[in-house]
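> I need the structure of the sequence given here:
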Amino acid sequence: MRVFVLALAVLSLIALPVRAQNDGWRTAPPPGIAAARLTAMDAAVRNGDFQQITSVLISRNGRLIHEAYFDDGGAEARRNTRSATKTVTAMLAGAAVARGHLTIDTPVQPLIASWGPFDNPDPRKAAITVEDLLTMSSLLECDDDNSFSRGNEERMYLIENWVKFAFDLPIRGFPAWAPRPEASPYGRSFSYCTAGVTTLGAAIQSATGQPLQTFARDVLFAPLQIEGEEWQFSPMGLAQGGGGLGLRSRDLLKLGQLLLDGGRWNGTQVLPADWISAMTSPHAGAGEGRGDYGYLTWLPTYTVEGRPLKAFAMAGTGGNKVVVVPDLNVVLVVTTTNYGVRNPHGLADTLICTHALAALL
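Numbers count the residues shown, from 1 in each chain. Model prediction:
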């Protein structure tokens, strides 16, 4: 009897297989001891150790090996993962470049002229390129991390024309304690700016001649078998490339898999491999403790049981993350509603390091 009870206890630690769905994902059980460790991770989440986590999904070697939901929405919920949307906008920029609609050196202002006229004209604003917005390094006075900044995103949401808001901003200054671009990593002075990414979405829309959401469906979501995406829109009807896109957690995992596999999904080249390489290469330093930054993609290094692991990441407020770890051939999705919680990114990273990645070393 004791052996039977012990066997039941062991079985209770093993996660059930992920569900097969007709969405392009192939599934597999987690390897070896990882199953028990991932089940323990799920128990810690349900216990509230990481506050309000809504889902954790993991793929390895291109197969979905772990899928757990902790809210009422389950697998079909379209989750607002906030600024993780920015990396989607970088993907759309790559699709537009691949089709010859623009280049990384294309000046942005002519593409958005219909949203003007713009205040504070300056030749340095006229010189802002697609790459400047992809790397958060334009010279616009825009800093979401500074509540005093004229370009803080919360100020943008108060007005109707979000693109005009961005290009009405003056050129930012560099006091003695702030490094100028030429003295910054990679020759770019990073400043996190949602308004700039919103504007990049408008530039892509103009260059392609399609609403941003239509272009996204044609070149990205349809090839990835993603359905039912939920965009947020500006008061003037522009799809918000800077945040708020609602996707299923499985869809987010596909976007991470696309980054891991050099732009391929199930044998189809959705985005050029060289664009994925550019997105996941360092172009700016994101500041102390935040590592490097690619094209609207974070480039953190996770330390797991003493082993440093370089990663690519989509990230949004609340600790929402899509993390790609090439050395392990792993993609992880963590979605949360930890918007009012202290240090939500730290909570998500602890979950990723101490549980998810540690189980797969």
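
> now do the buried residues in stretch 204-224.
Buried residues in stretch 204-224, counted by 16 or more other CB atoms under 10 Å: 204-208, 210, 212-213, 215-217, 219-221, 223-224. In this view, the C-beta of every residue, glycine as well, is placed from N, C-alpha and C.

> roughly how far is stretch 124-136 from the heart of the chain?
Its chain's average C-alpha position is 20 Å from that of stretch 124-136, according to CA atoms, centre = their mean, to the nearest Å.

> what's the answer for stretch 246-260, then?
Distance of stretch 246-260 from the chain centroid (CA atoms, centre = their mean) equals 9 Å.

> re the thing from before, most widely separated two among the buried residues of stretch 204-224?
The distance between the two most remote of the buried residues of stretch 204-224 (CB to CB) is 24.3 Å, for Ser206 and Leu224.

> next one, pLDDT for Ala9 please.
Reading off the confidence values, Ala9 has pLDDT 36.

> do the one 3 residues further on as well
According to the per-residue confidence, Ser12 scores 34 in pLDDT.

> which of the buried residues of stretch 204-224 fall within helices?
When DSSP state H is applied, the buried residues of stretch 204-224 are split such that 204-208, 212-213, 215-216 fall in helices.

> which residues does Val334 contact?
Neighbour list for Val334: 53, 55-56, 319-321, 323, 348, 351-352, 356 [criterion: CB atoms under 8 Å, 6 or more residues apart in numbering].

> cutoff 6 Å now
Val334 makes contact with 56, 321, 348, according to CB atoms under 6 Å, 6 or more residues apart in numbering.

> likewise Thr81?
By CB under 6 Å, 6+ apart, Thr81 lies in contact with 316, 320.

> change it to 8 Å
Thr81 neighbours (CB under 8 Å, 6+ apart): 245-247, 252, 314, 316, 320, 335.

> go on, Met279?
Applying CB under 8 Å, 6+ apart to Met279 gives the contacts 87, 90-91, 94, 259, 294-297, 312.

> ok, the most centrally placed residue in the chain to Asn22 distance?
The residue lying closest to the centre of the chain (CA atoms, centre = their mean) is Met314, at 2.4 Å. Distance, Met314 to Asn22, by CB to CB, to the nearest Å: 25 Å.

> likewise Gln225?
Gln225 is 8 Å from Asn22, by CB to CB.

> show me which of those two is the more surrounded one.
More crowded of Gln225 and Asn22, by other CB atoms under 10 Å: Gln225, with 16 against 6.

> my read is that the more buried one contacts Arg248, right?
No - if you go by CB atoms under 8 Å, Gln225 and Arg248 don't touch, sitting 10.9 Å apart.

> could you pull out the buried residues of stretch 273-281?
Residues 275-276, 278-280 are the ones in stretch 273-281 that count as buried (16+ other CB under 10 Å).

> from these, which is closest to Glu182?
Ala278 (21.9 Å).

> from memory the closest one sits against Gly294, does it?
Yes - taking contacts as CB under 8 Å, Ala278 lies within contact range of Gly294: 7.4 Å.

> what segments of the stretch 1-150 of the chain are helices?
For the stretch 1-150 of the chain, the helices identified by DSSP state H, counting those that start in this stretch occupy 2-13, 34-46, 85-98, 123-126, 130-134, in order along the chain.
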